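Chemist: Next comes the sequence, and after it the predicted model I'd like to discuss.
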Amino acid sequence: MSKKELKDKKRVSEDDSNVDTKKHKSDKKEHKVKKDKKEKKDKKEKKEKKEKKEKKEKKKEKESNKDSKIEKEEVKEEKENEEENVVIGGYQQSKDLANVPQSDIDSFYKENEVSVEDSQKYNLRPLLSFSHLSLKPEIQSEISKFPKPTPIQSVSWPYLLSGRDVIGVAETGSGKTFAFGVPAIDQLVSNGDAKRKSVKVLVISPTRELASQTYDNLIILTNKVGLECCCVYGGVPKQEQRNQLRNSQVVVATPGRLLDLINEQSVDLSQVQYLVLDEADRMLEKGFEEDIKNIINQTNSRDRQTLMFTATWPKEVRELASTFMRDPVKVSIGNRDELSANKRITQIVEVIEPRQKDRKLLELLRKYQSGAKKDDKVLIFALYKKEASRVENNLKYNGYDVAAIHGDLSQQQRTSALNDFKAGKSNLLLATDVAARGLDIPNVKTVINLTFPLTVEDYVHRIGRTGRAGQTGTAHTLFTDNEKHLAGALVNVLNGANQPVPEELKKFGTHTKRKEHGAYGAFFKDVDMSKKPKKVTFD
Ligand SMILES: Nc1ncnc2c1ncn2[C@@H]1O[C@H](COP(=O)(O)OP(=O)(O)OP(=O)(O)O)[C@@H](O)[C@H]1O
């Protein structure tokens, strides 16, 4: 081998070795990069996993801890991020509802004068059809007998199913019973432990008749899903109620009898998840306030969803209501911040002398119940049972077949009078304010207020016995000097419903005083005003 060849070989070999070294170096480097990358990736995955786990735990904790406002805010933010896939608590917005154009939602709000006050701004869309909600099939089939949800149902159901406390204010006869009843029972079934025999849903009603009617509505639903429902009110024996309470998950009750049964330890309310005050403003008035507090204290506030439904929501009760509720959503239909009546009711107000009442009543009955109208149902309101008894006798004397509901009658007489009137066996019913709220009597064409009630809220409820579920009706009111302190508030209600205001009524001025009645001044002197509504008028 020549020197040159040797040199070349050496160089090649050096080159090779250089290449090897370089290759080795580069392999090493590559390996290191790969290793680093893998480590980085592992680290990242680990971190992501940890974050995901933490987030999941946090979310779970947040959802279970309804007390914290900040955490609720965060749940709400997450809800917004999930955009169309709105899932909160037991509520999942359907795809169909998510696809409804916003303009349709806006028109719905506008047409129905919907207002939703929610400090947490959940902004849940109203259900425009029953198909926008997936309830238990048995419940869905029951309510699908109606063409679509009423506005209070449309707006309140998503909030109720998402677990929020709700104040629902909507006109008389607008389907509030199912507004609170359907989500209560549907959720009870979803929760899985519904079969356990303890009271889970408690509805409190101001009168025996209303409690009984609400029970009739709810038992249709509970029967379908295999739950037990019972009704507890005074004036009837207790033993059967005691037995039923032991087996019922859903209870409708009047406050007096319920407290009785609580005191003798026949009922345990510690498992109540869903508490409804129906006719909530009435339940929070002086006569009921203490009873309601005592009942609510028996429930466990942490696990309780609290609902208040009514057609009238006076400012006086709002503060007390808030002490029983947790950051409620207030849903109102039809501009209800001002006291307002159902606009499908024609309201006629006549100012007369008190002594003209009896003659005037006979005249009105001839007007509203003769000729083609002879079978029309007419409901007459008196103020107190003494007046009711006297008028009942007077009508009978004049040949009218009148049924009556007032506190001087036994519960059996009250029930049968109401049932006959509901069924159309009698078409004239005389009642005190015991029948003013909530009673859903088919086809009442006319309400006559023989004596004006103690408050204008009661007036709105009384006349609401007609014009229900989309129908029309007439309310004819006799107004005297004795009620002049309520004239201003009545004028506002008439104006609010575009009804004529008689000049004689305007003459009384616009001053409004609450809870007094000139015609019964002497009677009032003997009575403790704070207790009277409960003792005299209601259950
Ligand atoms: N979605 C619906 N569509 C049509 N009618 C309905 C619907 N839901 C309930 N109703 C009917 O409307 C009527 C009035 O309902 P409900 O008694 O619940 O009224 P309300 O709002 O509670 O009245 P009130 O303020 O006088 O207590 C009932 O006969 C009920 O069956």
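Modeler: Yep, it's here.

Chemist: Which residue comes closest to whichever residue of the stretch 201-350 of the chain sits closest to the ligand once chain neighbours are left out?
Modeler: Closest residue of the stretch 201-350 of the chain to the ligand, C-beta to the nearest ligand atom: Ala311 (4.1 Å). (C-beta placed from N, C-alpha, C; glycine too.) Of all residues not flanking Ala311 in the chain, Thr172 sits nearest, at 4.7 Å (C-beta to C-beta, 6 or more residues apart in numbering).

Chemist: residues touching that neighbour, list them.
Modeler: If you count contacts by C-beta atoms under 8 Å, 6 or more residues apart in numbering, Thr172 has them with 311, 341-342, 460-461, 463-465, 467-468.

Chemist: how about a cut-off of 6 Å?
Modeler: Thr172 makes contact with 311, 342, 464, according to C-beta atoms under 6 Å, 6 or more residues apart in numbering.

Chemist: Now it: phi and psi?
Modeler: For Thr172, the backbone dihedrals (degrees, to the nearest 10) come out as phi -60, psi 140.

Chemist: Kindly confirm my reading that Gly488 is in a strand.
Modeler: No. Using DSSP: H, G, I helix; E, B strand; the rest coil, the assignment for Gly488 is helix, not a strand.

Chemist: Pull the number of nearby residues for it.
Modeler: 17 (other C-beta atoms under 10 Å).

Chemist: try Gln244
Modeler: Gln244: 15 surrounding residues under other C-beta under 10 Å.

Chemist: wait, isn't it in contact with Cys231?
Modeler: No. Between Gln244 and Cys231 there is no contact under C-beta atoms under 6 Å: 8.2 Å.

Chemist: list the buried ones in stretch 417-427?
Modeler: 417-418, 421-422, 426-427 (16 or more other C-beta atoms under 10 Å).

Chemist: Can I get that stretch in CSV, CA atoms only?
Modeler: What follows is stretch 417-427 as a C-alpha-only set of coordinates in CSV (Å, rounded to 0.1, in the frame of the first residue of the first chain):
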residue,chain,number,x,y,z
ALA,A,417,-122.3,21.8,48.4
LEU,A,418,-119.1,22.3,46.5
ASN,A,419,-119.3,19.0,44.8
ASP,A,420,-122.9,19.6,43.7
PHE,A,421,-121.9,23.0,42.3
LYS,A,422,-118.8,21.6,40.5
ALA,A,423,-120.9,18.8,39.0
GLY,A,424,-123.6,21.2,37.9
LYS,A,425,-126.3,19.6,40.2
SER,A,426,-126.8,23.1,41.6
ASN,A,427,-126.0,26.3,39.8
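
Chemist: what does the average pLDDT come to for that stretch?
Modeler: Taken as a whole, stretch 417-427 has a mean pLDDT of 94.

Chemist: quick check, it touching the ligand?
Modeler: No. Using C-beta under 6 Å from any ligand atom, stretch 417-427 stays clear of the ligand, coming no nearer than 10.8 Å.

Chemist: before we move on, back to that, now for the buried residues of stretch 417-427, which pair is the farthest apart?
Modeler: Using C-beta to C-beta, the two most remote members of these are Leu418 and Asn427, lying 13.2 Å apart.

Chemist: Could you check the pLDDT of the spatially closest residue to Pro255 that is not a sequence neighbour?
Modeler: Closest residue to Pro255 apart from its sequence neighbours, by C-beta to C-beta, 6+ apart: Asp291 at 4.0 Å. On the pLDDT scale, Asp291 is placed at 96.
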